[in-house]
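**Student:** I'll drop the sequence and a predicted model, then ask my questions.
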Amino acid sequence: MKEFLKELKKSRTLLLMLAPAVVIIFIFAYLPMGGMVLAFKQYNYRDGIWGSPWVTGIFDNFRFFFMSGKAFAVTANTFSYNLCFIAVNTFLAVLFAVILSEARGKKFKKVTQSSIFLPYFVSWVIVGTIAYNLLNYENGVVNGVLKTLGMEPINLYADGPAWRGLIVLFNAWKSVGYSMVVYMAAVTGVDTQLHESAQIDGANIFQRIHYVTLPAIRPTIITMVLLDVSKIFRGNLDLFYQLIGKNGALYDSTDVIDTFVFRSLLETSDIGMAAAAGFYQSILCFVTIMVVNGMIRKINSDYALF
């Protein structure tokens, strides 16, 4: 106990600096976890969360989601979209980070980095508006260009399969910049002597990237991918709802767990059902990250998150 108090006193400055972050995480991440009991309650506003009665059957609130006929489809969509997001965004972020780190012009690097990073700060509401003005059938920019070229306009808002690629594209445009900055910081931390030694040995730029840069930032890449994998069954409601809205023609191709539950909640006002779907997502995410992290630990424990 004395050793613990001594270490606490020794690290008091660091602990005080850490305290605001701990408080915020506790309030916004851990306290809301108590709301998971809603998945097993017949919630009503009069009695509140703790006063509402428990459901008769433990899985009654899950019944709507699994008996809707959409559970497997929206789960598969959520998984496949997030898998594409992870693959595409990681590849592009690493590519841009490596290219910019090798670029010589400071002004070019700053302008390019800012241009790629800027969309990260744009609201999905704005992105949805941009997408609609580009792609709508009657007077969208894309169809305007096609008409000018004497070609037939395309009704993309009725073409579900096309939106699989468009959603991945818009997500990459908005999200790659953030990851790129993280990878650029990792690339900057690579010992310059390694590059100089490789250059002296006759290695060209591609060989230096392959044998020096990429191996050096591999731990960062694996950590970032693992963090993304932990959310692989969580759909980005802002992304899908702002781009697709209530367009029923696209639901089969673009519906994810979050949008399906959101619409169902608006229609039925059944908070218990929505909580049950959220609980289902949490279990899937937890199991996935535990399995993937366990596999990484067996391969190389240094790369595992825990």
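**Tutor:** Sure, I can see it. Numbers count the residues shown, from 1 in each chain.
**Student:** Next, the contact list for Leu266, please.
**Tutor:** Not one residue lies near Leu266 by C-beta atoms under 8 Å, 6 or more residues apart in numbering. The way it works is simple: take the backbone N, C-alpha and C, and place the C-beta from them, glycine included.
**Student:** One more: the one 3 residues further on?
**Tutor:** When contacts are counted by C-beta under 8 Å, 6+ apart, Ser269 is found next to no other residue.
**Student:** mind starting the numbering at 29 from now?
**Tutor:** Renumbered: residue one is now 29, and that last one reads Ser297.
**Student:** quick one: it from Asn72, how far?
**Tutor:** Applying C-beta to C-beta, to the nearest Å, the value for Ser297 to Asn72 is 11 Å.
**Student:** likewise Thr251?
**Tutor:** Thr251 sits 44 Å away from Asn72, going by C-beta to C-beta.
**Student:** Who has more neighbours out of those two?
**Tutor:** Thr251 (16 against 12; other C-beta atoms under 10 Å).
**Student:** Which secondary structure element is home to that one?
**Tutor:** Using DSSP states H and E, Thr251 sits in helix 242-257.
**Student:** would you put the C-alpha positions of that helix in CSV?
**Tutor:** The C-alpha coordinates for helix 242-257 follow below in CSV (Å, rounded to 0.1, in the frame of the first residue of the first chain):
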residue,chain,number,x,y,z
LEU,A,242,6.7,0.3,-44.5
PRO,A,243,8.3,-2.1,-42.0
ALA,A,244,8.9,0.8,-39.6
ILE,A,245,5.3,2.0,-39.6
ARG,A,246,3.8,-1.6,-39.6
PRO,A,247,3.0,-1.4,-35.8
THR,A,248,1.0,1.9,-36.4
ILE,A,249,-0.8,0.3,-39.4
ILE,A,250,-1.8,-2.8,-37.4
THR,A,251,-2.9,-0.7,-34.4
MET,A,252,-5.1,1.6,-36.6
VAL,A,253,-6.6,-1.4,-38.4
LEU,A,254,-7.4,-3.2,-35.1
LEU,A,255,-9.1,0.0,-33.8
ASP,A,256,-11.2,0.0,-37.0
VAL,A,257,-12.0,-3.7,-36.8
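**Student:** what's in contact with it?
**Tutor:** By C-beta under 8 Å, 6+ apart, the residues outside helix 242-257 that reach it are 110, 113-114, 117-118, 122, 125-126, 207, 210-211, 214-215, 217-219, 222, 316-317, 320-321, 324, 330-331, 333.
**Student:** now do 10 Å
**Tutor:** 110-111, 113-115, 117-118, 121-122, 125-126, 129, 207, 210-219, 222-223, 236, 313, 316-317, 319-321, 324, 327-328, 330-334 (C-beta atoms under 10 Å, 6 or more residues apart in numbering).
**Student:** and what of stretch 61-79?
**Tutor:** 80-90, 297-308, 310.
**Student:** what about 7 Å?
**Tutor:** Ser80, Pro81, Trp82, Val83, Ile86, Asn89, Ile299, Gly300, Ala303, Ala304, Phe307 (C-beta atoms under 7 Å, 6 or more residues apart in numbering).
**Student:** ok, now stretch 194-201?
**Tutor:** Tyr109, Cys112, Phe113, Val116, Asn117, Leu120, Pro147, Val155, Ala159, Leu267, Leu271, Thr282.
**Student:** Do I have it right that the fifth one meets Gly205?
**Tutor:** No - Asn117 is beyond contact range of Gly205, at 10.0 Å (criterion: C-beta atoms under 7 Å).
**Student:** Can you turn the buried part of the contacts of stretch 61-79 into a PyMOL selection?
**Tutor:** In PyMOL, this line selects whichever of these come out buried by 16 or more other C-beta atoms under 10 Å:
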select buried, resi 80+83+89+299+300+303+304+307
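**Student:** Return the item of the contacts of stretch 61-79 having minimum pLDDT.
**Tutor:** Among the contacts of stretch 61-79, Ile86 has the lowest pLDDT, at 81.
**Student:** Now do the same contact list for that one.
**Tutor:** Per C-beta under 7 Å, 6+ apart, neighbours of Ile86: Phe68.
**Student:** My reading is that it lies in a helix. Confirm?
**Tutor:** No - counting by DSSP: H, G, I helix; E, B strand; the rest coil, Ile86 is not part of a helix but coil.
**Student:** C-alpha coordinates for stretch 66-76, CSV please?
**Tutor:** The C-alpha trace of stretch 66-76 is given here as CSV (Å, rounded to 0.1, in the frame of the first residue of the first chain):
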residue,chain,number,x,y,z
LEU,A,66,-33.2,-1.3,-21.9
ALA,A,67,-32.6,-4.2,-24.2
PHE,A,68,-34.4,-6.4,-21.6
LYS,A,69,-37.1,-4.0,-20.4
GLN,A,70,-40.5,-2.8,-21.6
TYR,A,71,-39.5,0.8,-21.4
ASN,A,72,-42.1,3.5,-20.8
TYR,A,73,-41.5,7.2,-20.2
ARG,A,74,-43.5,7.3,-17.0
ASP,A,75,-41.4,4.7,-15.1
GLY,A,76,-38.1,5.6,-16.7
